[in-house]
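J.: can you look at this prediction? I've put the sequence above it.
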Amino acid sequence: MNIHEYQGKELLRQYGVAVPKGSVAFSPEEAVKAAKELGSDVVVVKAQIHAGGRGKAGGVKIARNLEEVRSYSKELLGKILVTHQTGPEGKEVKRIYIEEGSNIKKEYYLSFVVDRQTSRVTLMGSEEGGMDIEAVAAETPEKIFTEVIDPVVGLAAFQARRLAFNINIPTHLVNKAVKLMLGLYKAVIDKDASIVEINPLAVTEEDEVIALDAKFNFDANALYRHKDIVELRDYDEEDEKEIAASQYDLSYIALDGNIGCMVNGAGLAMATMDTISYYGGSPANFLDVGGSASAEKVKEAFKIILSDHNVKGIFVNIFGGIMKCDIIAEGVVKAASELGLQVPLVVRLEGTNVEKGKEILNESGLNITAATSLGDGAEKIVKLVG
Ligand code: ADP
Ligand code: MG
């Protein structure tokens, strides 16, 4: 789960991480009021969307007086901001952050990520701040430094200090940088964050070391123990189908193809998507209905797939182990009869209760193309979709 920059900064404040003063606004009037309260000569007006690259896309404006705050706020609110992270359709700006302008001397990059190779939280830093870290990694990888953190010991002060020296934080500010890193690390661990990225971390003319941007991502599997984080969720920023799926505890991810997929097991779901691509098709979603789905849940999953108007065909690929084929068949039939099925449906069932499942589908009167294997099913649905 992602949150907005202003929410991330609020969280950082609680952990003693230095961030500029600021407040969120939903209208130009609120923005002007917030700017007045800041009482700073330079105020930054920042679009709040769940995507980075706002600066380059015109989503971060420097205002030198209240009139500019008003006009920039008017310009940004309601605007569809297209950044390299939003995709071509962009994202509508519904909130803006009014923040004190910082006197930046130099920008750095800092993040904590979960490294899946080492299974450990890793601190990353670079003196190439403010730009895409992917570009730094591609062009000047020697400028990225990492510290792998022992989960028992936690981030050791010497590691934070070593990183600060490696990325050339001015010597007299290293202690401030270390304090900031330790605070960040505590926030990551306390809140089960999977990413926190500070890009840029700024050193200012006044010798502050301060987080100018904050990107958080939280592990969805740990949200049950973080009510305060769940409250920060902004449904406007998420795909409607994914919201519906999360209400039914389904692992669903919307994609931009036209073949809807209903599969059990994440591995089989990935293989199904690959096989569809192999035959020249393009999956509209990833969906793992899980091992313990009820017919009701399968029905909801099917509805979510059908609510995607790009879907021109559906491939149900179930290998029934714990999940029983008849439950899947029942759910599919229920959803199809409630919603009407206008697109071709290819079904491949295998495993527990497969005969019963096939019987339910055969007796349903639905127009179903049966498949004998994963490859056969993928090939058939790609052909039917055309
Ligand atoms: P994004 O990563 O989405 O482009 P950032 O928050 O990183 O957005 O802002 C982009 C750039 O705008 C920063 O690299 C920095 O140069 C400038 N900036 C952001 N916030 C401030 C601020 N409070 N004071 C001065 N400059 C800022
Ligand atoms: Mg940034």
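T.: Received, thanks. Ligands and ions are numbered 1, 2, ... in the order given.
J.: Glu100 contacts Lys21, correct?
T.: Yes. At 4.7 Å, Glu100 and Lys21 qualify as touching, with contact defined as Cβ atoms under 8 Å. Just so you know, the C-beta spots here come from the backbone N, C-alpha and C atoms, and that holds for glycine as well.
J.: so what are the domain limits for the protein?
T.: Domains of the chain are assigned by the TED database as 1-20+103-238, 21-101, 240-385.
J.: model confidence over the last one, on average?
T.: I take that to be domain 240-385. Domain 240-385 shows a mean pLDDT of 90.
J.: endpoints of that domain, how far apart?
T.: The straight-line separation of the ends of domain 240-385 (Cα to Cα, to the nearest Å) is 24 Å.
J.: same check on the second one?
T.: Using Cα to Cα, the span of domain 21-101 from its first residue to its last is 9 Å.
J.: counting neighbours, what do you get for Asp239?
T.: Neighbours of Asp239 under the rule other Cβ atoms under 10 Å: 14.
J.: still on that earlier bit, what sits in contact with each of Glu100 and Lys21?
T.: Leu38, Ser40 (Cβ atoms under 8 Å, 6 or more residues apart in numbering).
J.: those two: which is more packed in?
T.: Glu100 (17 against 14).
J.: of all the domains of the chain, which one comes closest to ligand 2?
T.: domain 1-20+103-238 (3.5 Å; Cβ to the ion).
J.: so the closest one, near ligand 1 or not?
T.: Yes. Contact of domain 1-20+103-238 with ligand 1 (Cβ under 6 Å from any ligand atom) involves Pro20, Ile104, Glu107, Gly130, Asn199, Pro200, Leu212, Asp213.
J.: buried ones among these?
T.: Pro20, Glu107, Gly130, Asn199, Pro200, Leu212, Asp213 (16 or more other Cβ atoms under 10 Å).
J.: what residues of the lengthiest helix in the chain count as buried?
T.: Determined from DSSP state H, the single longest helix within the chain is helix 174-190. Residues 174, 176-188 are the ones in helix 174-190 that count as buried (16+ other Cβ under 10 Å).
J.: the stretch 201-350 of the chain: strands as residue ranges?
T.: 209-211, 215-218, 251-254, 259-263, 285-288, 313-320, 345-351 (DSSP state E, counting those that start in this stretch).
J.: around ligand 2, which positions in this structure sit nearby?
T.: By the criterion of Cβ under 5 Å from the ion, the positions of the chain lying close to ligand 2 are Asn199, Asp213.
J.: elements contacting the longest helix of the chain?
T.: Under the contact criterion of 3 or more Cβ pairs under 8 Å, 6 or more residues apart in numbering; DSSP states H and E, helix 174-190 touches helix 5-14, strand 104-115, strand 120-126, helix 157-166, strand 193-204, strand 209-211.
J.: redo the ones you listed as TSV? Include mean pLDDT.
T.: Converted to TSV, these look like this (pLDDT from 0 to 100):
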stretch	mean pLDDT
helix 5-14	98
strand 104-115	97
strand 120-126	98
helix 157-166	98
strand 193-204	97
strand 209-211	98
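J.: looking at those, which is closest to Lys383?
T.: strand 193-204 (39.7 Å; Cβ to Cβ).
J.: contacts for that closest one, please.
T.: 8, 52, 102-114, 129-130, 133, 169-170, 173, 177, 180, 184, 187-188, 208-219.
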